[in-house]
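*Asks:* Make a model of this:
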Amino acid sequence: MNLQVAKENILFLDIETVPEVENFQELTEVKKELFALKTNYQRKPKTISEEEISPEDFYSKAGVWAEFGKIVCISVGYFVLQGSERRFRTKSFFGDDEVVVLNEFKTLIENHFNDPKHLLCGHNGKEFDFPFIARRMIIHQIPLPSKLNLFGKKPWEVPHLDTLELWKFGDFKHYTSLKLLTTILNIPSPKDDIDGSQVAAVYYKEKDLKRIATYCEKDTVAVAQLFLRFNNEPLLEKHEIVYPE
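*Replies:* Numbers count the residues shown, from 1 in each chain. Sure thing, here's the model as predicted:
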């Protein structure tokens, strides 16, 4: 693709989200009603033989909406180039307190990725990760960092890259998952433990945030690998990836 972007100026990221509370019955009556309205279309039967899914049975998917979910992990990664050596360092912000997670992420980008040359990059980041983070910050009354405050910006001024958008080549109706892309492009698969549909159970039932963070970090590495493949650069080798201790 010959992307005219210096990879050391990109912060690659991925987030993991879960329903705001574990069970539908923990919601207020108002939120129960609003969740039912929000998901009305998704819960409708797809065939004559199917029945409509109840809001309670559908609640396990609430983590995909910023209004009914919360972020439990944000993993980031960035390239460090020293002469002929290349390293990709990862870091994760995770925990039960979403405000802490968001503020730690905000501090990182404001202190180290806040120049005009810096970009945020995710897979489907423009449709999911970036707006989800921004919405949750608004909900918690956290001032938006400049990299997420898009008000008044022209499309070419938005400091975001999206590997899904790059793969679409202008085809707006085309969606390709990160797993499918890494498979067809012969990139080592990041999905060797859990998948996105299991994150809520790992969080609420197993209470294993470290496992979620590890999964999230691997997705972040996969996004960076996609960027390299799109730009016809060698993929990262194991010794070049630095995970948190």
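*Asks:* pLDDT of the longest strand along the chain, averaged?
*Replies:* Longest strand in the chain by number of residues (criterion: DSSP state E): strand 69-82. Average pLDDT, strand 69-82: 96.
*Asks:* And stretch 183-202, by the same measure?
*Replies:* Averaging pLDDT along stretch 183-202 gives 82.
*Asks:* now what about that stretch, what contacts it?
*Replies:* 16-19, 60, 63, 72, 178-179, 181-182, 208, 211-212, 214-215, 218-219, 221-222, 225-226, 229, 235 (Cβ atoms under 8 Å, 6 or more residues apart in numbering). Just so you know, the C-beta spots here come from the backbone N, C-alpha and C atoms, and that holds for glycine as well.
*Asks:* just the buried members of those?
*Replies:* 16-19, 60, 63, 72, 178, 181-182, 211-212, 214-215, 218-219, 221-222, 225-226, 229 (16 or more other Cβ atoms under 10 Å).
*Asks:* Now residue 65. Nearest residue, chain neighbours left out?
*Replies:* In this structure, residue 65 finds its nearest non-sequential neighbour in residue 38, 6.6 Å apart by Cβ to Cβ, 6 or more residues apart in numbering.
*Asks:* and that neighbour, how far is that from residue 63?
*Replies:* Counting by Cβ to Cβ, to the nearest Å, the separation of residue 38 from residue 63 is 13 Å.
*Asks:* what do you get for residue 25?
*Replies:* Applying Cβ to Cβ to residue 25 and residue 63 gives a distance of 17 Å.
*Asks:* Residue 159 too?
*Replies:* In terms of Cβ to Cβ, residue 159 sits 26 Å off from residue 63.
*Asks:* ok so residue 42 is a helix residue?
*Replies:* Yes: assignment of residue 42 by DSSP: H, G, I helix; E, B strand; the rest coil places it within a helix.
*Asks:* burial count for the closest residue to it other than its chain neighbours?
*Replies:* What sits nearest to residue 42 in space, not counting adjacent residues and going by Cβ to Cβ, 6+ apart, is residue 58, at 7.0 Å. If you count neighbours by other Cβ atoms under 10 Å, residue 58 ends up with 16.
*Asks:* what comes up buried for the one helix or strand residue 58 maps to?
*Replies:* Element membership of residue 58, judged by DSSP states H and E, is helix 55-58. Residues of helix 55-58 classed as buried by neighbour count (16+ other Cβ under 10 Å): 55, 58.
*Asks:* hang on, the earlier thing: off-centre distance for the longest strand of the chain?
*Replies:* Relative to its chain's centre, strand 69-82 lies at 9 Å (Cα atoms, centre = their mean, to the nearest Å).
*Asks:* tell me the pLDDT at residue 243?
*Replies:* We have a pLDDT of 89 for residue 243.
*Asks:* my bad, residue 88
*Replies:* If you check residue 88, the pLDDT there is 97.
*Asks:* So what does it have for phi and psi?
*Replies:* Residue 88 adopts backbone torsions of phi -120, psi 110, taken as degrees, to the nearest 10.
*Asks:* partner residues bridging it?
*Replies:* Here residue 88 sits in beta bridges with residue 79, residue 241, going by DSSP bridges.
*Asks:* Filter the contacts of stretch 183-202 down to just the ones in helices.
*Replies:* Counted as lying in helices by DSSP state H, out of the contacts of stretch 183-202, are 178-179, 181-182, 211-212, 214-215, 218-219, 221-222, 225-226, 229.
*Asks:* Tell me how far the residue nearest to residue 42 lies from residue 38.
*Replies:* Distance, residue 58 to residue 38, using Cβ to Cβ: 10 Å.
*Asks:* Sounds good, over and out.
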